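1. Model the structure of this input:
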Amino acid sequence: MVSDDVKRQLCALARSSRTRTAVFNPSRPTHWAPYEVRCPDSGDTFTADSAWHFVADMIEGGAEMETISLAKPAGKTGYVMIVEGFGGEKIYIKLQLGSGQVIGRSFHISVNEDQL
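-> From the prediction side, this is the model:
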């Protein structure tokens, strides 16, 4: 169960370009691919900005969110959602809270629900 406080933090940080990142780092790898994912409403691919706003909208809309223990960095907490995408696709989203920022770890089509 993810607390309402954590959800509020994730939303607020995701909506500001100054407090979000999805930059790959070997110590915290990312697979943030909004240009490969189609928006459920229009079928158009996401932009970097629209993906973050979609994430915040999903959280605010009450999408189910799970906590996981990340492998990299070991022991850190990740927040995972699998939400409806375009044409029956599922979108896999994984976030991590950093120091004053949200880190986008995954945003791509879900190929395996065992990704949780």
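
2. For the helix ranked longest in the chain, buried residues please.
-> In the chain, taking DSSP state H as the definition, the longest helix is helix 48-60. Residues Ala51, Trp52, Phe54, Val55, Ala56, Met58, Ile59 are the ones in helix 48-60 that count as buried (16 or more other C-beta atoms under 10 Å). Placement of C-beta: from N, CA and C, glycine included.

3. Next up, the contacts around the closest residue to the third one other than its chain neighbours.
-> Leaving out its chain neighbours, the residue that sits closest to Phe54 by C-beta to C-beta, 6 or more residues apart in numbering is Phe46, at 6.6 Å. Contact analysis of Phe46 by C-beta atoms under 8 Å, 6 or more residues apart in numbering lists Pro34, Tyr35, Val37, Arg38, Cys39, Phe54, Phe107.

4. Farthest-apart pair in these, please.
-> Taking C-beta to C-beta as the measure, these span a maximum distance of 13.2 Å, between Tyr35 and Phe54.
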